[in-house]
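> prediction below, plus the sequence it came from.
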Amino acid sequence: MMNTQTPVRDVAGGHPRIWSVLERFGIDYCCSGGQSLQAACAQRGIPADEVLAEIAQVLQGPNSGPDLGRLSLSELADYVERIHHDYLKSELPSLRARLRKVIEAHAAEHPEVVELGQIFDDFADEMESHMMKEERMLFPAIRQMESGGGGMPLEGPVEVMLAEHRSADMALARMRELTQGFTPPEDACNTYRSLYQGLADLDRDMRRHVHTENDILFPAALRG
Ligand SMILES: [Fe+2]
Ligand SMILES: [Fe+2]
């Protein structure tokens with residue numbers, strides 16, 4: 001049973017409904033997920049009991065949603081590809097295009113969008129190659145291992161993926177910083193607003209994506 005001393009990533013577990021609660025409170029369950037719920041709440045000035053009470057509430061009722069921790073490894077890999085990789089593949093090019101327009105029109109009065117564009121471009125390029133490695137090498141190896149077919153050792157490739165997740169997390173942190181938490185300026189046009197909304201959605205989706213791989217799929221695959 002979870003309590004205030006449970007690490008945030010274990011509180012989050014495989015329950016998207018719990019993720020939503022943590023997101024609402026602004027608690028990072030992904031790359032800072034190693035700290036206890038108590039510590040994460042103290043940092044944000046939130047009573048940990050309140051968070052636990054909300055979590056208990058969303059888990060009640062017949063419709064408490066999926067528990068990804070119950071999926072097989074192959075099902076989890078399929079889920080990540082269907083939910084997160086497909087999302088990135090459709091969203092990254094459209095965000096790139098919006099960013100370009102915003103830079104062209106607003107770099108003079110809002111120079112921070114230039115650095116935002118550079119960080120985003122590097123992030124998008126890295127994520128595209130990262131997903132390709134997962135889809136072509138790591139996930140097939142995980143599926144093969146689960147079906148009893150042996151296959152390549154997973155430790156090395158998983159280490160590389162973890163390092164790339166950390167680098168993506170740093171890029172997102174810099175994007176949050178440059179945009180005051182994705183808050184558009186008062187005078188922002190529609191494209192500008194839709195760009196920042198899109199980046200905020202990307203940030204949330206990446207936490208869910210990386211948490212699912214780092215804390216559910218990869219540890220289970222390494223346990224074999
Ligand atoms: Fe992925
Ligand atoms: Fe990944």
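Okay, I see it. Ligands and ions are numbered 1, 2, ... in the order given.
> so where's this structure shaky on pLDDT?
Scanning the chain with the threshold set as pLDDT under 70 gives 63-64.
> spell out which parts of this protein neighbour ligand 2.
Residues of the chain lying close to ligand 2 by C-beta under 5 Å from the ion are 161, 213. C-beta coordinates here come from the backbone N, C-alpha and C atoms, glycine included.
> all helices of the chain, in order?
8-12, 16-24, 37-44, 48-59, 73-79, 86-106, 112-133, 139-146, 155-178, 190-211, 218-223 (DSSP state H).
> the third one: how far from the chain's middle?
The reference is to helix 37-44. Chain-centre distance of helix 37-44: 20 Å, with C-alpha atoms, centre = their mean, to the nearest Å.
> show me what that helix is in contact with.
2-8, 11, 25-28, 32, 47-48, 51-52 (C-beta atoms under 8 Å, 6 or more residues apart in numbering).
> in PyMOL, select just the buried ones from those.
With 16 or more other C-beta atoms under 10 Å as the criterion, this PyMOL line picks the buried residues out of these:
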select buried, resi 2+4+6+7+8+11+27+28+48+51+52
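> from the contacts of helix 37-44, which land in strands?
Among these, no member falls in strands (DSSP state E).
> what's the domain layout of this structure?
8-59, 71-223 (automatic domain parsing).
> ends of the first one, how far apart?
Put plainly, it is domain 8-59. 16 Å (C-alpha to C-alpha, to the nearest Å).
> circling back to that earlier point, in JSON lines, list the domains of the chain along with distance to G65.
Shown next, in JSON lines, are the domains of the chain (distance: least, C-beta to C-beta, whole Å):
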{"stretch": "domain 8-59", "distance to G65": "5"}
{"stretch": "domain 71-223", "distance to G65": "13"}
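> hmm, back to that, okay, the helices of the chain, which one's buried deepest?
Highest mean neighbour count of the helices of the chain: helix 8-12, a mean of 22 (counted as mean count of other C-beta atoms under 10 Å).
> and D169, how far from ligand 2?
11 Å (C-beta to the ion, to the nearest Å).
> just G13 next, same as before
Applying C-beta to the ion to G13 and ligand 2 gives a distance of 19 Å.
> next, give phi and psi for the residue lying farthest from the centre of the chain.
For the chain, the largest distance from the centre (C-alpha atoms, centre = their mean) belongs to A108, which lies 31.8 Å off. Backbone torsions of A108, given as degrees, to the nearest 10, read phi -60, psi -50.
> what about it, distance to ligand 2?
37 Å.
> what do you get for P16?
If you go by C-beta to the ion, the gap between P16 and ligand 2 works out to 18 Å.
> residue contacts, that residue?
By C-beta under 8 Å, 6+ apart, the neighbours of P16 are 65-66, 68, 208.
> for PyMOL, write a command that selects the buried ones of the residues you listed.
The buried residues among these can be selected in PyMOL (16+ other C-beta under 10 Å) with this line:
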select buried, resi 68+208
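> so which of the contacts of P16 are in strands?
Of the contacts of P16, none are assigned to strands by DSSP E.
> what's the closest of the contacts of P16 to V158?
L68 (17.8 Å; C-beta to C-beta).
> contacts only, for the residue nearest to Y87 when sequence neighbours are not counted.
Nearest residue to Y87 in three dimensions, chain neighbours excluded: D205, at 5.8 Å (C-beta to C-beta, 6 or more residues apart in numbering). D205 makes contacts with 84, 87-88, 91, as judged by C-beta under 8 Å, 6+ apart.
> now do M152
If you count contacts by C-beta under 8 Å, 6+ apart, M152 has them with A141.
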